[in-house]
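Trainee: 3D model of this:
(chains A and B)
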Amino acid sequence: MNSRTLTAETIAKTGQVVEVRGWVNSRRDHGGLIFVDVRDHTGVVQLVVSPESAEAFSLAETIRDEYVVAAKGTVKERDDGLKNTHIPTGGIEIFVSELRLLNKSEPLPVNVHDDGQQSGEELRLKYRFLDLRRPKMQENLKKRAEYYRVLRSYMDGRGFTEITTPILANSSPEGARDFLVPSRVHSGKFYALPQAPQQFKQLLMVAGVPRYYQIATCFRDEDPRADRLYGDFYQLDLEMAFVEDGNDVRSEMEPLIIDLANNFANKEVVNLQDDGTVRRLTYKEAIEVYGSDKPDLRFGMELVELSDVLENTEFGVFKNAEVVKAICVKGGASLSRSQIDGFTEIAKSEGAGGLAYISYENGEAKSPIAKFLSESELAGIKEKTGAVDGDAVFFGADVRVVVNKVLGRLRNEFAEHFDLKDKNKVALAWIIDFPFYEKDEKTGKLDFGHNPFSMPKGGLEAIRGDDKESIIADQYDMVMNGYEICSGAVRNYAPDVMYEAFATVGYEKDVVDQRFGAMINAFKYGAPPHAGCAFGIDRIFMVLIGEDNIREVVAFPKNGSGVDVMMDSPNLVDDAQLQELSIKVDITE
RNA sequence: GGGCUCGUAGUGAAGUUGGCCUAUCACGCCUCCCUGUCACGGAGGAGAUCGCCGGUUCGAAUCCGGUCGGGCCCGCCA
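Mentor: Model (predicted):
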């Protein structure tokens, strides 16, 4: 008998002598009788230490919380009235004959119990090895291992070959900042940790691998967020040869995500289509209807365009706007003035001039702007937005991008306020047809909208055309409850289209050859058409287990400043190490 | 790089319109008592330069300036 089976097997061995090992979860000293709850990753079991075992008893008097102990004794069913129905082992207890102290512990700086007070995140991260003792964190670790098994078994079952690619790779100009690794042998040169195995997996397609996947470590030196880890994170990275239509990848992969939601996480996928597939939304639709390219579809609250209703309006704010749109907030009439002020501030922070609204109560439309609108306009607004008594309608009137951005943000904020984000539900969508190029609002410079390796619809002809901003990339994202969880594309495997695509944003042929030489070169030797994608598996797992912060799903995450406060990393290195690498550190500030 | 916000015993919080704060509470810790508890109970005790520096004031945890650190967001990132 060992500690791995503390809970279940102990119960099974009622009447027998067992030895259990674990940490002292709590100790209740009654003077003449001492109870000790021993905990391991499976749960707790109660030890009873009586003076009859003199040695064990005197030791039990000295032990403290989180001491590491081994106890030998007889498992006995408790008498009626002494059973604890709150824990699985509450029906039994172990009458200790031998107690051994395996190690002591100082009082803990963080709480290791799920109930009660929880320490601040900084302390939890500093003492992560203790924080992980909490049953919930133990559960998350085990659950994550199970999650990996589901991913691998799905991919293996679909004929994908798992292939690992180098961690020491090359810097690439597009995308995130790289982590650089100096080369000792080739002084002055650097490796870069891969932001994704993008080029390697495309090379594998040229190599004749029909279907590749990898649970890949990706490295990006960009500022983190609650849903974005600093430094390293994991992707389920995959690529399929002889695929010319992104739907082939989407159809191949979406059953996995649906299955994870339904069967792994026991959540309901609320917005599947009649045939059981995931809804497809174009980028443009997503932006126009939900004000976001990663809309949370657990709730409606769609953006409604009111341009026709307000075609001849005399109200200056609406009249002078490029477009007027609105969202109808169910129950919004209950919002107080100060709450509306709060939402107005949010709207302003997104670039709105203010936040006009109409509140519907007792058959009346109450609004600071009602007096500027005609009867027919008011009626039109109510009809178009579907507002009924108790609702409120909020307006955005500005240039189109700003209106969509503002209302998209408000849509999320209102959903938060009215508790529409049900954690037991999962809403999925594919966002497709992203713009290939996007113009930088400030500089006016054209740049890749998303991934430069995706195939522009219309090929060479489209790229050479005049209307570059209307070119659609064969590129797709999957969104889950407002989080982007996957990004993929049908790849550009034609060297001439590749050169042209890069040339449009200012990268000449020699630069492309230098940066993506291996890939471009490979494409000259019979590259099959191919497509793929990569799922952010930390983020998906976060949503599946109902966490709001991605650090909760990783054993040893960095904090928001990219620091591992437990290991004190990053850190200085020896001069000798630097010398060997021909590196001089000169910090001037 | 920018915005917002937080920093008070080992831990979590209260106090923050300046004085009633000689800083409150809970958990934890220490000593003693207790043979059926399971968040055991009872009696007693220790533990805080209120993140740091400076200023205003008769008086600062509280106001002001700076600084350091955390969190969320924008930028950035897929």
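Trainee: can you tell me the helix or strand for residue A:181?
Mentor: strand A:180-182 (DSSP states H and E).
Trainee: and that strand, which strands flank it?
Mentor: strand A:190-192 (antiparallel) (DSSP bridges).
Trainee: what's the next helix or strand after the strand it pairs with packed up against?
Mentor: The C-terminal neighbour of strand A:190-192 among helices and strands, as given by DSSP H and E, is helix A:198-206. Where contact means 3 or more C-beta pairs under 8 Å, 6 or more residues apart in numbering; DSSP states H and E, helix A:198-206 is packed against strand A:211-220, strand A:231-241, helix A:517-523, strand A:530-536. C-beta: built from backbone N, CA, C; applies to glycine.
Trainee: as a whole number, average confidence for the strand holding residue A:181?
Mentor: Averaging pLDDT along strand A:180-182 yields 95.
Trainee: how far is it from where the chain is centred?
Mentor: Distance of strand A:180-182 from the chain centroid (C-alpha atoms, centre = their mean, to the nearest Å) equals 28 Å.
Trainee: next: stretch A:559-575.
Mentor: The answer for stretch A:559-575 is 24 Å, by C-alpha atoms, centre = their mean.
Trainee: so, in contact with RNA strand B or not, the helix or strand harbouring residue A:512?
Mentor: Taking DSSP H and E as the criterion, residue A:512 maps to helix A:509-515. No. Counting by C-beta under 7 Å from any atom of the strand, RNA strand B has no neighbours in helix A:509-515; the shortest distance is 14.0 Å.
Trainee: and stretch A:251-262, C-alpha only, in CSV?
Mentor: The C-alpha coordinates for stretch A:251-262 follow below in CSV (Å, rounded to 0.1, in the frame of the first residue of the first chain):
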residue,chain,number,x,y,z
SER,A,251,-14.2,20.0,-40.7
GLU,A,252,-11.3,17.7,-39.7
MET,A,253,-10.7,19.5,-36.4
GLU,A,254,-13.9,20.9,-35.1
PRO,A,255,-15.3,17.5,-33.9
LEU,A,256,-12.3,17.5,-31.5
ILE,A,257,-13.2,20.8,-30.0
ILE,A,258,-16.9,19.9,-29.7
ASP,A,259,-16.0,16.6,-28.1
LEU,A,260,-13.7,18.4,-25.6
ALA,A,261,-16.4,20.8,-24.6
ASN,A,262,-19.1,18.1,-24.4
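Trainee: residues in contact with the helix holding residue A:512?
Mentor: Applying C-beta atoms under 8 Å, 6 or more residues apart in numbering, the contact partners of helix A:509-515 are A:172-173, A:498-499, A:502-503, A:507, A:520.
Trainee: which of these fall within helices?
Mentor: A:498-499, A:502-503, A:520 (DSSP state H).
Trainee: out of those residues, who's the most crowded?
Mentor: Neighbour counts for the ones in helices among the contacts of helix A:509-515 (other C-beta atoms under 10 Å) peak at residue A:502, which has 23 neighbours.
Trainee: and for the spatially closest residue to it that is not a sequence neighbour, the neighbour number?
Mentor: Leaving aside its sequence neighbours, residue A:502 sits nearest to residue A:512 (C-beta to C-beta, 6 or more residues apart in numbering; 4.9 Å). A total of 20 residues lie near residue A:512 under the criterion other C-beta under 10 Å.
Trainee: now the one 3 residues further on
Mentor: A total of 18 residues lie near residue A:515 under the criterion other C-beta under 10 Å.
Trainee: what is residue A:428 paired to in the beta sheet?
Mentor: residue A:480.
Trainee: swap that for residue A:75, please
Mentor: Bridge pairing for residue A:75 - DSSP bridges - gives residue A:94.
Trainee: contacts only, for it.
Mentor: A:10-11, A:13-18, A:92-94.
Trainee: ok so, going back, can I get the helices and strands packed on helix A:198-206 in CSV including distance to RNA strand B and mean pLDDT?
Mentor: Converted to CSV, those look like this (distance: least, C-beta to the nearest atom of the strand, whole Å; pLDDT from 0 to 100):
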stretch, distance to RNA strand B, mean pLDDT
strand A:211-220, 5, 97
strand A:231-241, 7, 97
helix A:517-523, 16, 88
strand A:530-536, 6, 97
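Trainee: need the winner for burial among these.
Mentor: Compared across the helices and strands packed on helix A:198-206, strand A:530-536 shows the largest average neighbour count, a mean of 25 (mean count of other C-beta atoms under 10 Å).
Trainee: chain neighbours aside, what residue packs nearest to the closest residue to RNA strand B within the stretch 51-200 of chain A?
Mentor: Nearest residue of the stretch 51-200 of chain A to RNA strand B: residue A:175, at 2.8 Å (C-beta to the nearest atom of the strand). Counting by C-beta to C-beta, 6+ apart, residue A:175 lies nearest to residue A:195, which is 5.4 Å off, once chain neighbours are set aside.
Trainee: wait, what's in contact with the one you found?
Mentor: A:172, A:175-176, A:178, A:218-220.
Trainee: quick revisit: what residues does the strand holding residue A:181 touch?
Mentor: A:168, A:171, A:189-193, A:581-583.
Trainee: out of the contacts of residue A:75, which are buried?
Mentor: A:10-11, A:13, A:18, A:92-94 (16 or more other C-beta atoms under 10 Å).
Trainee: and those residues, which of them are in strands?
Mentor: Among those, the members found in strands (DSSP state E) are A:18, A:92-94.
Trainee: which of those sit farthest apart?
Mentor: Between any two of these, the greatest separation by C-beta to C-beta is 11.6 Å, found for A:18 and A:93.
Trainee: ok, so of the contacts of helix A:509-515, who is nearest residue A:105?
Mentor: Nearest member of those to residue A:105, counting by C-beta to C-beta, is residue A:172, at 47.8 Å.
Trainee: in terms of pLDDT, where does the most centrally placed residue in chain A sit?
Mentor: Taking C-alpha atoms, centre = their mean as the criterion, residue A:539 is the residue nearest the geometric centre of chain A, at 2.1 Å. Looking at residue A:539, its pLDDT reads 97.
Trainee: likewise residue A:553?
Mentor: 95.
Trainee: again, but for residue A:442
Mentor: pLDDT, read off for residue A:442, is 67.
Trainee: contacting residues for residue A:209?
Mentor: A:161, A:163, A:241.
Trainee: turn the residues you listed into a markdown table, columns for distance to residue A:491.
Mentor: Output for the contacts of residue A:209, formatted as a markdown table (distance: C-beta to C-beta, whole Å):
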| residue | distance to residue A:491 |
| --- | --- |
| A:161 | 18 |
| A:163 | 17 |
| A:241 | 10 |
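Trainee: give the contact list for residue A:273.
Mentor: Applying C-beta under 8 Å, 6+ apart, the residues near residue A:273 are residue A:279.
Trainee: where does it fall, phi/psi-wise?
Mentor: Reported as degrees, to the nearest 10, the phi and psi values for residue A:273 are phi -80, psi 170.
Trainee: mind jotting down where the strands sit in the stretch 451-589 of chain A?
Mentor: Counting by DSSP state E, counting those that start in this stretch, one finds strands in the stretch 451-589 of chain A at the ranges A:472-480, A:483-490, A:530-536.
Trainee: could I get those as TSV with distance to residue A:550?
Mentor: Formatted as TSV, the strands of the stretch 451-589 of chain A follow (distance: least, C-beta to C-beta, whole Å):
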stretch	distance to residue A:550
strand A:472-480	13
strand A:483-490	10
strand A:530-536	9
